[in-house]
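In: All I have is the shape, not the residue letters:
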């Protein structure tokens with residue numbers, strides 16, 4: 001019952017007017033979300049439990065882990081996916097309400113411009129997320145994290161903490177960077193496809 005409802009809902013939505021846009025939706029909606037939901041949980045799911053410092057005390061581990069991870073990667077990437085999906089979702093909702101089909105998006109200048117603007121906004125959000133990810137997580141997860149514990153009133157201000165599965169996390173970081181770059185390239189390619197198909201339509205008239 002629920003599968004039929006999802007299928008009917010998907011079929012009722014306006015699909016992207018370009019081949020690249022449809023591939024982007026498939027790539028974004030399946031591969032990227034599956035990678036984050038399944039493998040992301042496997043890599044980061046129990047990170048806080050296995051994050052340990054010297055001395056190994058619960059309150060110290062929690063304090064240093066919160067310093068090490070101001071925001072967990074899973075939450076950041078989930079927010080990224082939702083925010084990047086918003087421009088396209090709003091446009092397709094508007095198109096569905098106005099009964100705008102794929103041909104109208106390519107044939108009518110106003111709809112073409114609005115769609116291109118939604119893709120440009122999607123690219124801008126991906127670039128912003130890419131920059132934030134670099135600022136928050138970097139490109140490599142080190143096996144040892146030096147925690148500034150001065151505010152805890154300890155005799156030793158800097159504590160050594162062990163980061164579990166640091167190599168797997170580094171690989172996962174690189175993979176998420178790669179996904180972001182791929183989606184940005186697909187968005188740029190989609191704009192060129194729209195311009196090309198729009199030009200072909202005008203040439204035929």
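Out: Yes, it's here. Every value quoted in this text rests on a predicted model; they were computed, and no experiment measured them. Residues are numbered from 1 along each chain as shown.

In: low-confidence ranges in the chain?
Out: Residues of the chain that meet the criterion pLDDT under 70 lie in 1-17, 29, 153-156, 201-202, 204-205.

In: Can you show me the strands along it?
Out: 52-53, 144-148, 158-162 (DSSP state E).

In: Nearest to residue 21, out of those strands?
Out: Nearest to residue 21 among those is strand 144-148 (41.2 Å), distances taken as C-beta to C-beta. In this view, the C-beta of every residue, glycine as well, is placed from N, C-alpha and C.

In: mind checking how far the residue lying closest to residue 21 once chain neighbours are set aside is from residue 94?
Out: Closest residue to residue 21 apart from its sequence neighbours, by C-beta to C-beta, 6 or more residues apart in numbering: residue 190 at 4.9 Å. Distance, residue 190 to residue 94, by C-beta to C-beta, to the nearest Å: 18 Å.

In: Looking at those two, which is more packed in?
Out: Set residue 190 next to residue 94 and count neighbours by other C-beta atoms under 10 Å: residue 190 wins out with 24 against 14.

In: The more buried one reaches residue 24, doesn't it?
Out: Yes - the pair residue 190 / residue 24 is scored as a contact, 6.4 Å apart, by C-beta atoms under 8 Å.

In: Now for the nearest residue to residue 72 once chain neighbours are set aside: which residues touch it?
Out: For residue 72, ignoring the flanking residues on the chain, the nearest one in space by C-beta to C-beta, 6+ apart is residue 44 at 6.6 Å. Residues near residue 44 by C-beta atoms under 8 Å, 6 or more residues apart in numbering: 72-74, 169, 172.

In: can you list those in a markdown table and add neighbour count and distance to residue 109?
Out: As requested, the contacts of residue 44 are exported to a markdown table (neighbours: other C-beta atoms under 10 Å; distance: C-beta to C-beta, whole Å):
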| residue | neighbour count | distance to residue 109 |
| --- | --- | --- |
| 72 | 14 | 44 |
| 73 | 21 | 41 |
| 74 | 16 | 41 |
| 169 | 19 | 47 |
| 172 | 22 | 43 |
